[in-house]
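could you look at this predicted model? Sequence included:
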Amino acid sequence: GGENLGEANTADRSKDEFLATLAHELRNPLAPIRNAVELLRRTAQQSSEIERVQEIIGRQVGHMTRMIDDLLDVSRITLGRIVLHKERIRLDVLLQQSVEAARPAIEAARHELTVSQLAEPVELLVDVTRMSQVIVNLLDNSAKYTAPGGRIWLSAWREGDEVVVSVRDTGEGIAPQLLPRVFDLFTQADSTLERRQGGLGIGLTLVERLVKLHGGSVEARSAGSGQGSEFLVSLPVASSAPADDPMHDPPRQAEASPGARHGRRILVADDNVDAAESLSLLLQASGHEIRTVYDGAAAVEEVQRFRPDVVFLDIGMPRMNGYDAARAIRALPGGRDVVLIAITGWGQAEDRRKAAEAGFDHHLTKPADPEVLHRLLEEVGTGRTAARPGTAG
């Protein structure tokens, strides 16, 4: 059976590679949709119907982005491509942040949420984004599988060197034969046509894998169908450490440069024409002067002609990819002063590192949030020096 196992592993791996690629490709069309919705939002004359329709599109693009992110995360964890960025955080702060993120789903279903915290503060050493994702997924799960007007309890207590976070609900519960499989990929308790809830059934798989990556464990409990369920996450408590933790230094304020608020000269390069077009229109609407090209080589040529302040480069482009284009631009006379922003469907730490090495100043994942774009362009001072993080010398 040795070679069969090898074959199974290869098949598994190619399935994971496929999922990662699928998620990445699905992200691409979301970018122009998100940009287009934002542009519509900024147009003046608006009826209430149009506003409602925009909200619907915006909300659904958000749902889709989250589902695709989950899919990408699960495949990346399986392929061993996720890196945790751990920092110290108080448990109560973490739970508070998670509750805020899950609130819309809970309120939409008119559930009553009760949060009970530990009396004494406890610190964890976790990747805050990932651990928040774990708790939000559990709260979302409860909100989803509990009939409207139900109850959800989020509580935490200490057990020795561990903290236990519990999410309990009055929901559908889990049949005994399903309990052992509830964390398996793509398990959906109810695969009938009448099931009330969509989704890929990856939320709990993601929860389990992320908790394990943090050296913790997770357990599902339920008295059976219709009896509600409880999920228990156990995590190690952070060892007591000095209070002057460098992680908590106040961020340095970028000095506002004189030209900061005015329009910039911006070059957009993306081989997805709709993505390039919608981003250009969005930036133009904010008062910037824009040129658009559709491959890396054209971007390098256009930089010499147009002399932009900022260049947005898609990474996967024909004739010359974004990394090579960035290196070529940096090598041009004056190319060190251009602000280079990578836009990509991949959001892994690995890609951020590659982008920094190629000379990018910033890295955005598609579909980029218009608000984030706006803030980024406000921060980008004119007359920058060549000494940037990630590109020494």
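Done, it's in.

please make it C-alpha for all contacts and neighbour counts, starting now.
Fine.

shouldn't Gly224 be within a strand?
No: following the definition DSSP: H, G, I helix; E, B strand; the rest coil, Gly224 is coil and is not counted among the residues of a strand.

correct me if wrong: it contacts Leu179.
No: contact status for Gly224 versus Leu179: not in contact, 9.0 Å apart, counting by Cα atoms under 8 Å.

what average pLDDT does the longest helix seen in the chain get?
For the chain, the longest helix by residue count, based on DSSP state H, is helix 2-42. This predicted structure assigns helix 2-42 an average pLDDT of 79.

now swap in stretch 280-298 and tell me
Model confidence over stretch 280-298, given as mean pLDDT, is 91.

list the contacts of that stretch.
Stretch 280-298 is contacted by residues 35-36, 38-39, 262-273, 276-277, 299, 302, 306, 313, 317-322, 324-325 when judged by Cα atoms under 8 Å, 6 or more residues apart in numbering.

can you give me the end-to-end span of it?
Between the start and the finish of stretch 280-298 there is a gap of 16 Å, counting by Cα to Cα, to the nearest Å.

hmm, Val303 is touching Ala328, no?
No: assessed by Cα under 8 Å, Val303 is found out of contact with Ala328, at 10.2 Å.

tell me who's in contact with the residue nearest to Leu138 when sequence neighbours are not counted.
In space, and not counting its chain neighbours, Leu138 is closest to Val167: 6.7 Å by Cα to Cα, 6 or more residues apart in numbering. Listed by Cα under 8 Å, 6+ apart, the contact set of Val167 reads Leu138, Leu139, Ser142, Ile152, Trp153, Leu154, Ser155, Glu230, Phe231, Leu232.

is Val167 in a bridge, and if so with what?
The bridge-partner assignment for Val167, based on DSSP bridges, gives Leu154, Phe231.

give me the domain ranges for this protein.
The domain map for the chain lists 2-78, 87-189+198-240, 265-379, with the assignment taken from automatic domain parsing.

okay, Gly80 and Asp70: tell me how far apart.
Gly80 sits 15 Å away from Asp70 when distances are taken as Cα to Cα.

err, Leu95, not the other one
20 Å.

same question, Leu179
Separation of Leu179 from Asp70 (Cα to Cα) stands at 22 Å.

of the two, who's got more company?
Asp70 (21 against 16; other Cα atoms under 10 Å).

can you pull the contacts of the more buried one?
Shown here is Asp70, whose contacts under the criterion Cα under 8 Å, 6+ apart are Ile202, Gly203, Leu206.

now with 7 Å, please.
Under the criterion of Cα atoms under 7 Å, 6 or more residues apart in numbering, the contact partners of Asp70 comprise Ile202, Gly203.

was I right to think Leu72 contacts Thr21?
No: with the criterion set as Cα atoms under 7 Å, Leu72 and Thr21 do not qualify as a contacting pair; they are 8.2 Å apart.

of those two, who's got more company?
Leu72 (22 against 16).

ranges for the helices of the stretch 151-300 of the chain?
Using DSSP state H, counting those that start in this stretch, the helices assigned to the stretch 151-300 of the chain run over residues 203-213, 273-285, 296-306.

can you tell me the SS state at Gly80?
Under three-state DSSP, Gly80 falls in the coil class.

start the count at 23 instead of 1 going forward.
Got it, the first residue is 23 from now on, which makes the last one we talked about Gly102.

now for it, how many residues are close by?
By other Cα under 10 Å, neighbour count at Gly102 equals 9.

ok, it to Ala53 distance?
Taking Cα to Cα as the measure, Gly102 and Ala53 are separated by 27 Å.

could you count how many residues lie near the residue lying closest to Gln249 once chain neighbours are set aside?
Nearest in space to Gln249, with sequence neighbours left out and distances taken as Cα to Cα, 6+ apart, is Gly195 at 5.0 Å. Close neighbours of Gly195, defined as other Cα under 10 Å, add up to 23.

thought Gly195 was touching Arg243?
No: contact status for Gly195 versus Arg243: not in contact, 8.6 Å apart, counting by Cα under 7 Å.

so how far is Arg152 from Ser262?
For Ser262, the distance to Arg152 - Cα to Cα - is 22 Å.

who has more neighbours out of the two?
In this comparison of Ser262 against Arg152, neighbours counted by other Cα under 10 Å, the higher total goes to Arg152 at 18 against 9.
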